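Asker: When you get a sec, could you give me coordinates for this:
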Amino acid sequence: MTDPIAFLQKLIQIDSANGNELAVARVLQAELEAADIPTKLIPYKDDRVNLVAQLNHGDRVLGFTGHEDVVSPGDENAWTYPPFSGKIVNNTMYGRGTDDMKSGLAAMTLALIHLKQSGFAHPLRFMATVGEEFGAMGARQLTEQGYADDLAGLVVGEPTNKLLKYAHGGTVNYEIDSEGVSVHSSRPEKGVNAIEGLVAFSTREPHAFDQAPDDPDLGPFRHSITVIKGGDQVNTIPAHAYLRGNLRPTPAANIELVVGLLEKLVDQANKATAANLTLNVLHRFLPVHSDKNGHLVTTANEAIAAVTGKPAELAVAFGGTDASEFIRSDNQFDVIVYGPGDNHFSHQIDEHVDLDSYTTAIKTYEEIAKRFFA
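Answerer: Residues are numbered from 1 along each chain as shown. Sure thing, here's the model as predicted:
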């Protein structure tokens, strides 16, 4: 029997920051195939490889999914313990990915193995993806290859701090390029300052989405400018500058609506400045919304109550997941997000997970599968 703590620690000790998922997939594959669960490695490119494992077959498949990549640890000297050590202190494991989301990935792997060993007879599909932290290209690839086309439900193992999440916002990442004319700063009237174009955009941005409606579950539409860069010399009028921003669409304020408002904002800014602004939409991820009284949410919460002693509070999330890509399938299915850890620690220095939360998640995923098919 695999030691769950050692298994998680082995995953944490792999640096899969924005790449190198092949090494993670190999560890998962070895564990699953040792339990006689067939797996398939699906390359995205280079050392970026998705893994799909299938337990039994049938028309009504329950999916488990998590991502193999983690974000950069940043300044490693700022960490109390090395970010890829998996150091354990007081029943807490520290390291990049402990919370987001190798503990969920490990728990799903071990749940699949325990179900296999117990003689579980229903179809489960485990999908470990690449690139969720920037672009969700692994989930997109698997969706395009049909791996969501027969799902009856999908469990995403992201950290939820004991909450059962039935909906989350989408994501639109965009870039605004501003083109001007470069001249010496002693003659600014002869040039066009690209930064002034971004100012025209950014001063209007706070109210550009005021007409976007609130969503009954996900609340107000959220939007932010997150990156702005321009100029490289103090005595030169910059010919180029750019900014990047993030929109969080909801079912009420959907992607088509908010991107339309964004395009309108760019037009308004162009009329107010001599610089030329162009919009480039980098990523579009759909909002996810499931029936909170539906079969997946209901049976999952029964499973949570059976394992932990009480049902989870239902909630929504504002961060996105791979589910935004999986639901692009023509097949309709509900999604829940439930996993060990606390998402408030995600992407932080000294990221960590409570090991009781992790081992409890293994049992909970097993129980979710049993009750889903009961």
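
Asker: Could you verify my assumption that Asn276 touches Val181?
Answerer: No. Asn276 is not in contact with Val181 according to Cβ atoms under 8 Å; the separation is 10.0 Å. Just so you know, the C-beta spots here come from the backbone N, C-alpha and C atoms, and that holds for glycine as well.

Asker: And the helices in the stretch 1-150 of the chain, which stretches?
Answerer: Taking DSSP state H, counting those that start in this stretch as the test, the helices found in the stretch 1-150 of the chain are 4-12, 21-34, 103-117, 137-144.

Asker: Could you do the stretch 151-300 of the chain as well?
Answerer: Going by DSSP H, counting those that start in this stretch, the stretch 151-300 of the chain shows helices at 194-204, 255-271, 295-308.

Asker: hang on, the earlier thing: most packed of the helices of the stretch 1-150 of the chain?
Answerer: Mean neighbour count (mean count of other Cβ atoms under 10 Å) peaks for helix 103-117 among these, with a mean of 25.

Asker: Helix 4-12 and that one, what's the angle between them?
Answerer: When axes from the mean of the first three to the mean of the last three Cα atoms, to 10 degrees is applied, the directions of helix 103-117 and helix 4-12 differ by 130 degrees.

Asker: quick one: helix 103-117 to helix 21-34, angle?
Answerer: Per the same axes, to 10 degrees, the angle that helix 103-117 makes with helix 21-34 is 20 degrees.

Asker: and helix 103-117, what other elements does it pack with?
Answerer: Helix 103-117 makes packing contacts with helix 4-12, helix 21-34, strand 48-55, strand 61-67, strand 124-129, helix 355-372 when contacts are defined by 3 or more Cβ pairs under 8 Å, 6 or more residues apart in numbering; DSSP states H and E.

Asker: Within its sheet, name the partner strands of the third one and how each one runs.
Answerer: Partners of strand 48-55 in the sheet, by DSSP bridges, are strand 39-45 (antiparallel), strand 124-129 (antiparallel).

Asker: Count the residues that sit near Ile349.
Answerer: Residues near Ile349, counting by other Cβ atoms under 10 Å, number 14.

Asker: Does it touch Pro82 like I think?
Answerer: No. The criterion here is Cβ under 8 Å, and Ile349 misses it with Pro82 at 11.9 Å.

Asker: tell me the strands in the stretch 151-300 of the chain, going along the chain?
Answerer: With strands called from DSSP state E, counting those that start in this stretch, the stretch 151-300 of the chain shows them at 151-156, 164-168, 171-179, 222-230, 240-248, 276-285, 288-289.

Asker: Let me have these in JSON lines, extended by mean pLDDT, mean neighbour count and distance to Ala194.
Answerer: What follows is the strands of the stretch 151-300 of the chain, written out as JSON lines (pLDDT from 0 to 100; neighbours: other Cβ atoms under 10 Å; distance: least, Cβ to Cβ, whole Å):
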{"stretch": "strand 151-156", "mean pLDDT": "98", "mean neighbour count": "24", "distance to Ala194": "41"}
{"stretch": "strand 164-168", "mean pLDDT": "97", "mean neighbour count": "25", "distance to Ala194": "36"}
{"stretch": "strand 171-179", "mean pLDDT": "97", "mean neighbour count": "20", "distance to Ala194": "4"}
{"stretch": "strand 222-230", "mean pLDDT": "97", "mean neighbour count": "15", "distance to Ala194": "6"}
{"stretch": "strand 240-248", "mean pLDDT": "97", "mean neighbour count": "20", "distance to Ala194": "4"}
{"stretch": "strand 276-285", "mean pLDDT": "95", "mean neighbour count": "16", "distance to Ala194": "9"}
{"stretch": "strand 288-289", "mean pLDDT": "96", "mean neighbour count": "25", "distance to Ala194": "37"}
